[in-house]
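Q: heads up, no residue letters with this:
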């Protein structure tokens with residue numbers, strides 16, 4: 001499948017909350033005609049109503065692609081409405097957390113081409129990263145067009161198997177919350193050292209954002225960047241001796257945190 005086929009056959013977006021809106025905005029800015037998009041959402045936003053897309057209207061008989069962006073708890077009510085499109089040529093792409101490919105095949109039929117994707121919340125500003133994997137009916141072209149569509153909200157990468165999705169959930173899916181908590185605690189630590197609260201928060205936000213941008217742009221590894229900023233017996237080394245402790249330091253904490261998230265993802269996918 002190609003973008004031109006989507007323009008001709010139509011794209012259906014099931015759910016247009018924050019993630020759905022971010023994707024739709026990226027597609028429209030990238031040149032996808034509003035006339036090629038159908039959105040099903042019980043509470044369309046004012047922004048959505050001004051885009052020119054079809055909202056809660058009759059769908060094409062065989063749309064090229066259906067992108068499922070509803071919350072997992074709403075899946076049971078929303079997805080069966082599209083059951084008639086299963087076992088055909090329509091490609092289904094899901095960005096719903098914790099919903100396995102097998103769950104979609106149970107409702108839509110196992111002859112349905114399905115791609116499961118896991119974006120994260122920085123997608124709302126086009127800075128997300130999405131991992132994706134297809135079922136046996138999804139072709140290489142299906143994966144190509146899915147990756148192209150998801151690039152509207154940041155980077156996209158392909159997994160070797162769906163079994164890796166739980167680890168992805170623990171690292172990048174839940175990961176932004178870890179970083180937000182780092183900002184919170186870094187600011188609180190600065191405040192404890194005598195900084196005004198607003199100044200500590202501004203320093204913490206800018207430091208985390210800047211370090212992340214540098215890590216992404218630099219050719220050196222994060223390990224080397226850490227070494228670059230660490231003078232022997234200096235202030236950074238003093239801090240890292242605390243943070244890098246085998247027990248209770250970052251390595252231990254994050255390993256346990258990611259494992260907890262991945263294990264919870266497995267539990268949710270089993271229902």
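A: Yep, it's here. Because the structure is a prediction, the values reported are computed rather than measured.
Q: any idea of the pLDDT on the residue nearest to residue 262 when sequence neighbours are not counted?
A: Closest residue in space to residue 262, ignoring its immediate chain neighbours: residue 170 at 3.8 Å, by Cβ to Cβ, 6 or more residues apart in numbering. Any C-beta I mention is one placed from the backbone N, CA and C, and that applies to glycine too. Per-residue pLDDT puts residue 170 at 95.
Q: Assumed residue 170 was part of a helix.
A: Yes: according to DSSP: H, G, I helix; E, B strand; the rest coil, residue 170 belongs to a helix.
Q: what sits against it?
A: Contacts for residue 170 (Cβ atoms under 8 Å, 6 or more residues apart in numbering) come out as 257, 258, 259, 260, 261, 262, 265.
Q: closest to residue 40 among those residues?
A: residue 265 (26.5 Å; Cβ to Cβ).
Q: Pretty sure that closest one sits against residue 99.
A: No: between residue 265 and residue 99 no contact is recorded; they are 10.8 Å apart, counting by Cβ atoms under 8 Å.
Q: Show me the helices in this structure, by range?
A: Here the chain has its helices, by DSSP state H, at 3-9, 18-29, 46-49, 75-78, 101-108, 140-150, 165-168, 175-192, 197-217, 222-228, 235-243, 250-269.
Q: tell me the mean pLDDT for the fourth one?
A: The one in question is helix 75-78. 82.
Q: any residues touching it, and which ones?
A: In this structure, residues lying in contact with helix 75-78 by Cβ under 8 Å, 6+ apart are 14, 15, 40, 68, 70, 96, 99, 103.
Q: can you do 6 Å?
A: Residues outside helix 75-78 that contact it (Cβ atoms under 6 Å, 6 or more residues apart in numbering): 14, 70, 99.
Q: how about it: buried residues?
A: Using 16 or more other Cβ atoms under 10 Å as the test for burial, helix 75-78 gives 75, 78.
Q: do the second one as well
A: Taking 16+ other Cβ under 10 Å as the neighbour-count basis, helix 18-29 is seen to contain the buried residues 19, 20, 21, 22, 23, 24, 25, 26, 27, 28.
Q: Show me the shaky parts of the chain.
A: 271 (pLDDT under 70).
Q: what about the longest strand in it?
A: The longest strand of the chain (DSSP state E) is strand 128-134.
Q: quick one: strands adjacent to it?
A: strand 114-118 (antiparallel), strand 154-158 (parallel) (DSSP bridges).
Q: Pick the one among the contacts of helix 75-78 closest to residue 151.
A: Distance to residue 151 across those (Cβ to Cβ) is lowest for residue 14, with 20.3 Å.
Q: doesn't residue 11 make contact with residue 66?
A: No: applying Cβ atoms under 6 Å, one finds residue 66 not in contact with residue 11, separated by 7.7 Å.
Q: Quick test: name the residue nearest the centre of this structure.
A: Among the residues of the chain, the one closest to the centroid is residue 119, at 1.1 Å (Cα atoms, centre = their mean).
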